[in-house]
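Enquirer: Compute the structure for the input listed below.
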Amino acid sequence: MAIFAKKENTLVNIVKIGGNVIDNSDKLNAFLKSFAGISCPKILIHGGGKIATKIAEQLGIKTVMVEGRRITDEAMRDVVTMVYGGLVNKQIVAKLQSNNCNAIGLTGADGKVILAQKRPVKTIDYGFVGDILQVNSTFIKSLLDQNITPVFAPLTFDMEGNMLNTNADTQASTIATSLSALVPVNLIYCFEKKGVLSDVNDEDSVISALNPENYESFKSAGVIYEGMIPKLDNAFEALKKGVQKVIICQAEDLHEAIETGNAGTKITL
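Expert: Numbering: from 1, shown residues only. This is a model prediction of the structure:
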């Protein structure tokens, strides 16, 4: 892998889209139009939404979730590979092309870009789930240098030839930290909420900024819990490893979050 003498100045925005936006074609189309309009180099990482669950059900394959995470046995691994790496990824790429954004769809196996290992079995056997070992950031940068926008499905691979289901939030954070050694990077997590909320029943109760201290306080008080915790843990980890800015915001507020920083929740150290 090439070693760069110094970091370039061209900012890269890495955007992760997930939540219910993936399942809503109108919201997804509006988001992709907004994403395509970002002028500087950009990368998109997408989740799978509920489509894999729906198709698995149609195929007679039972979905098993533990603590919000999908158990990926061999049959489910085939489903998520088809749905995430095929259906969802290629539909997103096609929509970006229609918005004059030259995109390429990727899994971790393509170009050996994200190497992982099958998660070791501890108390729970998650099956074919990947823990990331290495990101080929020079390959990603070579695509950006050609004005190509990478679109990553939440899939990696191991050297045994297995495709692995991989958490998209973690994938976004890991790509961002790896690439930040070469270029300045901002990381934006987009979903259906306006940001991190202090009251899940109040859409306008956005916490404008989170640092390690108030994050721990919110967790202790039960204000921040369940699926938001690993997302925020990834956000703080990205900042510690060199990412310049991390924002969690509503998909509709992507441009405002990037251009003014006045939307969503800003994560700081």
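
Enquirer: other SSEs contacting whichever strand or helix holds residue 130?
Expert: Per DSSP states H and E: residue 130 is located in strand 130-135. Applying 3 or more C-beta pairs under 8 Å, 6 or more residues apart in numbering; DSSP states H and E, one finds that strand 130-135 contacts strand 114-118, strand 155-157, helix 168-179. Bear in mind the C-beta positions are built from the backbone N, C-alpha and C, glycine included.

Enquirer: and for whichever helix or strand comes after it, what are the contacting residues?
Expert: Per DSSP H and E, the first helix or strand lying C-terminal to strand 130-135 is helix 137-145. With C-beta atoms under 8 Å, 6 or more residues apart in numbering as the test, helix 137-145 has contacts from 1-2, 12, 41, 43, 104, 111-113, 149-150, 175, 178-179, 181-183.

Enquirer: same thing but 7 Å
Expert: 1-2, 12, 41, 104, 111, 113, 150, 175, 178-179, 181-183 (C-beta atoms under 7 Å, 6 or more residues apart in numbering).

Enquirer: quick one: which of these sit in strands?
Expert: 12, 104, 150 (DSSP state E).

Enquirer: Quick one: end-to-end distance for stretch 49-68.
Expert: 13 Å (C-alpha to C-alpha, to the nearest Å).

Enquirer: Only the buried residues of it, if you could.
Expert: Neighbour-count burial for stretch 49-68, counted by 16 or more other C-beta atoms under 10 Å, picks out 49, 51, 52, 53, 56, 61.

Enquirer: and what of stretch 157-164?
Expert: Buried, per 16+ other C-beta under 10 Å, within stretch 157-164: 157, 158, 162, 163, 164.

Enquirer: what's the farthest-apart pair in these?
Expert: Pairwise distances among the buried residues of stretch 157-164 were taken by C-beta to C-beta; the largest, 8.6 Å, belongs to 158 and 163.

Enquirer: Who are the contact partners of residue 93?
Expert: Residue 93 touches 103, 104, 105, 151, counting by C-beta under 7 Å, 6+ apart.
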